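Only the shape, not the letters, is given here:
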């Protein structure tokens, strides 16, 4: 299946994931996780309870999330107040 032309459109079950990232999940029939990580090239999944189509919207792209070059963070740096003001 092709991805929607407008990046703000939602994708649905069966579409090929265009970008690794965090996707918002919308499904009226069942309570599913609100946000999920899905990898580029996979098919968007269906609901495990009813097998119906689910809607997805890319919230935040993370193309290097599972790449060998991805940086592992062991602690979070403090952001200086002057950086927040910029």
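Here it is on my side, so go on. Everything numeric here is computed off the predicted structure, so don't read it as measured data.

The closest residue to residue 11 other than its chain neighbours and residue 79, how far apart?
Excluding the flanking residues, the one nearest residue 11 by C-beta to C-beta, 6 or more residues apart in numbering is residue 56, at 4.6 Å. (C-beta placed from N, C-alpha, C; glycine too.) Residue 56 is 31 Å from residue 79, where distance means C-beta to C-beta, to the nearest Å.

When these two are compared, which one has more neighbours?
Higher neighbour count among residue 56 and residue 79: residue 56, with 21 against 8, using other C-beta atoms under 10 Å.

May I have the beta-bridge partners of that one?
residue 11, residue 25 (DSSP bridges).

Next one: it relative to residue 64, how far apart?
20 Å.

same question, residue 29
As for residue 29, its distance to residue 64 is 34 Å (criterion: C-beta to C-beta).

Same check on residue 46?
27 Å.

Compare those two and say which is more crowded by neighbours.
residue 46 (15 against 11).

Apart from its chain neighbours, what residue comes closest to that one?
residue 13 (4.3 Å).

Just to check, the one you found is in contact with residue 54?
Yes: counting by C-beta atoms under 8 Å, residue 13 touches residue 54, with 5.3 Å between them.

any common contacting residues for these two?
44, 45, 46, 47 (C-beta atoms under 8 Å, 6 or more residues apart in numbering).

Next, count neighbours for the last one.
Residue 47 has 15 neighbours, counted by other C-beta under 10 Å.

Mind telling me what element it is part of?
If you go by DSSP states H and E, residue 47 is not part of any helix or strand.

Please report the distance of it from residue 12.
When residue 47 is compared with residue 12 (using C-beta to C-beta), they lie 11 Å apart.

Appreciated, that's everything.
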